[in-house]
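Novice: sequence and computational prediction follow.
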Amino acid sequence: MEMNLLTCTVVVEDLTKTGDVIKCTPYKSLSLSLGRNEFNDVTLRVDYGKKDIKYALREIKLFKKFVKDGKATVRIPDRNIQFMLSNCPPDKLMMFLRTMHTKLEVGKQKGFISDRKKLLSERQRTFDEISPLTMKDVHTVHEARAKELEKDLFTPKGKRKRVDDNKENQPPKGLKMARKLVSVVPRSVIPVKLSKEQSSVLEAVSRGRSVFFTGSAGTGKSFLMKRIIGTLPPQHTFATASTGVAACHIGGTTLHAFAGIGSGRGTLEHCVQLASRTQVAQQWRKCKHLVIDEISMVDGEFFEKLEAVARVIRRNDQPFGGIQLIMCGDFLQLPPVTKGKEKVNFCFQTKAWKKCIQMNIELTEVRRQSDKSFIDILQQIRLGRCPDYVYTTLRATAKQNIQRDGILATRLCTHKEDVNQINEHHLQKLNGESKLFISTDSDSVYTQQINGMCPVPDKLNLKIGAQVMLAKNLDVQKGLVNGARGIVIGYQKDNDGYPIVKFRCGMEEEIKPIRWSFKFSGGNISTRKQIPLKLAWAISIHKSQGMTLDCVEISLSRVFECGQSYVALSRAKCLDGLRVLDFEKSCVKANSEVLRFYHKLDLHKRMMQTSMGDY
Ligand SMILES: Nc1ncnc2c1ncn2[C@@H]1O[C@H](COP(=O)(O)OP(=O)(O)OP(=O)(O)O)[C@@H](O)[C@H]1O
Ligand SMILES: [Mg+2]
C-alpha cells in the first residue's frame, strides 16, 4: 500500500495563533504526500495543482476519532494551518497519519537542525519520498513514550522524587504499565503483509477493474476483501455480502439491504420502482465500488436484476451502470438458497456476469490450515472426490478425543433446528443460575433484523460451565480471536458482572460488551452493544461459512447441499481439532456445473498465461 500519498477531499483552514479559523477553503480533491526535505525534516507536501506547498514538520496535532470513516484533521500549529481530510480510504489514511506521526516522533528523538543553521545553509531544496514505517521506528517511539512516563512518575509536578521517598522501595504505581508499554508494541501497527497473489488482486482493483477472485476455503478472500475496502473511498464504496453473518465479517451490510429491491423476484419494472425510492436511489447513484463477499450464495436471477436496475437508476448504459464490482467467494462452497425443488441458478451462469467481470483471479495459497495432508484432503472434498485415503482418514477422526480442559468441540449441524435444540439442552443440563445479558440496540425497530446479521443475539443466556465462542477478534496475539472456544468460569464481582471465560488457548479473560454497527437500506445505521459471546455447543453449517474454528465435531448424515460437507470440514484449522461422525462417501458432493465453470477458468488461465506471477 502506498503509505506516503493520500488523495482525498480537503478543507484547508487558516488559523489565528489561538486556533480560531480565519479562512476556510474547500477542495474536492487534493494530494498530500510525505517526504523529507534537504535537512531530513519530515515534510508534508500539499499539491494544489498549479503550485505545491511544503511544510517541514516539528509539531502536529492529529484528530483521528473518525479515521475509520475516512475522516481526520491534521493541524500544524507553528504554521497556523489545518487540513480537514474526508472521503479518504480508511486504511490508507490510518497508515498515512501513523507514518507522519511516528517518523516525526523519531525525528524529535534525534533533534532538529536549528532555524539559524538552516538559513545559513546553502543546500539545494529537495523533497524525497519518506521511507516506509518499520518496527524499529515504532519501538523507538514506544520506548521514548515509556521513558517519559517513567520520568513523570518519579518526578511529580516537576519535583525530583528522592529514592528514599519511596518507602517500601517499590516501583511507583503505573511504572509497571510504563514498562509494559515498552515491551508490548502492537503488531497491528504495521499491517500484515498480503501474499503476492493477494497483492495482485489489490492492484487490479486499484486500477479500476471489475474483479471476481475465488479460491478454496481459507485462502484469505475475506481477509483480502477487508484490505481492499480499506483502500477505497468510503463515500463511494458499499461493502456487502450475500448473508448477514458474512456481511458482518467484513463490516458491511447484506446485498439485499443495499439493493433495496426486495427479493428481486418481481418484474424489472417493479424492482426499478422499488430502487427509485429517494434514499435507495441515492445510494445507487453514490456507489462507485460495490463489494460482494460470499457471491456463491447470491442467486443468479437476483444478480441479473441488480445489473439492470443499476443501469436504469444510474442512467448509465455501461455494465452495472458503470459501478466497479469487486466480488469474491467460492462456488464450490454453499450455493444460493432455493425453495423446494427449484433449480439452482448461479451468478456465473448469467449474461450479466459475463458482461461485468473483467478479471477472474484464483487465490491458491491456503492460510487457514498449514498441514499439507489435511489441505490435500480438503481439496479432494471440495472437488467432490472421496478416494479411499480421504475416506479412511476422515472416518478415523470419529474416535478422536478433541476436548481440552473440559471444553467440548462445537457441533456443526446441517439443520437449524438441531442447533437451537443442542444449545438449549446443554444449557439446561448445567446446574446453577442462568444470567441474562440483554443487548443495547440503538434502535429497537431493527432488533430482529440485527439478530439475523449480528453474530451475537439480543438476549444471551449464560451459566457457569457454558460453552461459548468469541464472536470478535479481541487480541489476536493472545489467541482471543473470532471463533475461539471457551467456557464460562465465573462473573466479575462488580456491578456489571461480566462473564469470565477460560479459552482453549489457556487465557482467562473478562468479556466486556462491544459495539457492532449495521447499515440498513437507505443508509440508516443502527448499533448493538453486547457481550461478544455466543453459545457454542452447536452452530449451523450455513452460519459457519466464512469462519475459522479451533475444534469442531460434524455429523454429516443429513447433508443436503453440494459443498455443505466441504464448508463444514474446512472450518477446522487442523485434523487434530476435527471429529467427523457418520461419514460416508455419499456425503461428498460438488455441483457439476460449478466444476465445469472452474475447469474453464483454469483452462482460460493457462491459455492466456495469466498466472498470478505474470500478472
Ligand atoms: N496475507 C495473510 N497473512 C496472514 N494471515 C492471513 C493472510 N490472508 C489470510 N490470512 C488468514 O487466513 C485465515 C483465513 O482467511 P479468510 O477467512 O479470509 O479466508 P476465506 O478465503 O475468506 O475463507 P472462506 O472461503 O472459508 O470464507 C484467516 O485467519 C486470515 O486472518
Ligand atoms: Mg470468507
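Specialist: Nice, thanks for sending it over. Ligands and ions are numbered 1, 2, ... in the order given.
Novice: which bits of the stretch 101-250 of the chain sit near ligand 1?
Specialist: 192, 194-195, 198, 215, 217-223 (CB under 6 Å from any ligand atom). Where C-beta positions appear, they are placed from N, C-alpha and C, glycine not excepted.
Novice: lowest-confidence entry in those?
Specialist: Ranked by pLDDT, those bottom out at residue 192, which scores 80.
Novice: that one sits in which helix or strand?
Specialist: Of the helices and strands defined by DSSP states H and E, none includes residue 192.
Novice: please narrow the residues of the stretch 101-250 of the chain next to ligand 1 to those residing in helices.
Specialist: 198, 221-223 (DSSP state H).
Novice: how about the stretch of helix or strand residue 46 belongs to: buried residues?
Specialist: Using DSSP H and E, residue 46 maps to strand 42-47. Using 16 or more other CB atoms under 10 Å as the test for burial, strand 42-47 gives 42-46.
Novice: make TSV out of the residues you listed and add distance to residue 251.
Specialist: What follows is the buried residues of strand 42-47, written out as TSV (distance: CB to CB, whole Å):
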residue	distance to residue 251
42	31
43	34
44	29
45	32
46	30
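Novice: what's the most distant pair in the residues you listed?
Specialist: Greatest spatial distance among these (CB to CB): 42 and 46, at 14.1 Å.
Novice: got the phi/psi numbers for the residue in the chain that ligand 1 sits nearest to?
Specialist: In the chain, the residue that lies nearest ligand 1 is residue 220 (2.8 Å; CB to the nearest ligand atom). Reported as degrees, to the nearest 10, the phi and psi values for residue 220 are phi 90, psi 30.
Novice: so it is in contact with residue 330, correct?
Specialist: No. Counting by CB atoms under 8 Å, residue 220 stays clear of residue 330, with 11.8 Å between them.
Novice: between the two, who's got more neighbours?
Specialist: Using other CB atoms under 10 Å as the criterion, residue 220 and residue 330 rank with residue 330 on top: 27 against 23.
Novice: wait, doesn't the more buried one sit right on residue 216?
Specialist: Yes. Residue 330 is within contact range of residue 216, at 6.4 Å (criterion: CB under 8 Å).
Novice: list residues touching both of the two?
Specialist: Common contacts of residue 330 and residue 216 (CB atoms under 8 Å, 6 or more residues apart in numbering): residue 382.
Novice: which residues in the stretch 451-600 of the chain form helices?
Specialist: 541-544, 564-569, 592-608 (DSSP state H, counting those that start in this stretch).
Novice: whoops, the stretch 301-450 of the chain was the one
Specialist: Going by DSSP H, counting those that start in this stretch, the stretch 301-450 of the chain shows helices at 351-356, 372-382, 388-396, 416-429, 447-453.
Novice: could you dump those helices to TSV with mean neighbour count?
Specialist: Compiled in TSV, those are given as follows (neighbours: other CB atoms under 10 Å):
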stretch	mean neighbour count
helix 351-356	16
helix 372-382	18
helix 388-396	15
helix 416-429	14
helix 447-453	17
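Novice: any chance of the ones you listed in a markdown table, plus mean pLDDT?
Specialist: Output for the helices of the stretch 301-450 of the chain, formatted as a markdown table (pLDDT from 0 to 100):
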| stretch | mean pLDDT |
| --- | --- |
| helix 351-356 | 94 |
| helix 372-382 | 95 |
| helix 388-396 | 94 |
| helix 416-429 | 91 |
| helix 447-453 | 85 |
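Novice: so which of those helices comes closest to residue 132?
Specialist: helix 372-382 (32.3 Å).
Novice: what's in contact with the host helix or strand of residue 239?
Specialist: Using DSSP H and E, residue 239 sits in strand 237-241. The contact list for strand 237-241 (CB under 8 Å, 6+ apart) reads 225, 229, 247, 249-255, 257-258, 283, 287-294.
Novice: and those residues, which of them are buried?
Specialist: Applying 16+ other CB under 10 Å to those, the neighbour count classes 225, 229, 247, 249-255, 257-258, 283, 287, 289-294 as buried.
Novice: on that earlier part again, the helices of the stretch 451-600 of the chain: which one's closest to residue 451?
Specialist: helix 541-544 (12.0 Å).
Novice: residue 49 falls within a strand, correct?
Specialist: No. The assignment for residue 49 is coil, going by DSSP: H, G, I helix; E, B strand; the rest coil, so no strand is present there.
Novice: so what's the residue count around it?
Specialist: With other CB under 10 Å as criterion, residue 49 counts 9.
Novice: now do the same for residue 269: helix, strand or coil?
Specialist: Residue 269 - assigned by three-state DSSP - is helix.
Novice: from residue 98, how far off is it?
Specialist: Per CB to CB, to the nearest Å, residue 269 is found 50 Å from residue 98.
Novice: neighbour-wise, which of these two wins?
Specialist: Neighbours were counted for residue 269 and for residue 98 using other CB under 10 Å; residue 98 has more, 20 against 9.
Novice: what helix or strand does the more buried one sit in?
Specialist: Here residue 98 is assigned to helix 90-110, by DSSP H and E.
Novice: hey, where'd the strands end up in the stretch 451-600 of the chain?
Specialist: Secondary structure of the stretch 451-600 of the chain (DSSP state E, counting those that start in this stretch): strands at 459-462, 467-470, 485-491, 499-503, 508-510, 514-519, 525-530, 533-535, 538-540, 552-555, 578-581.
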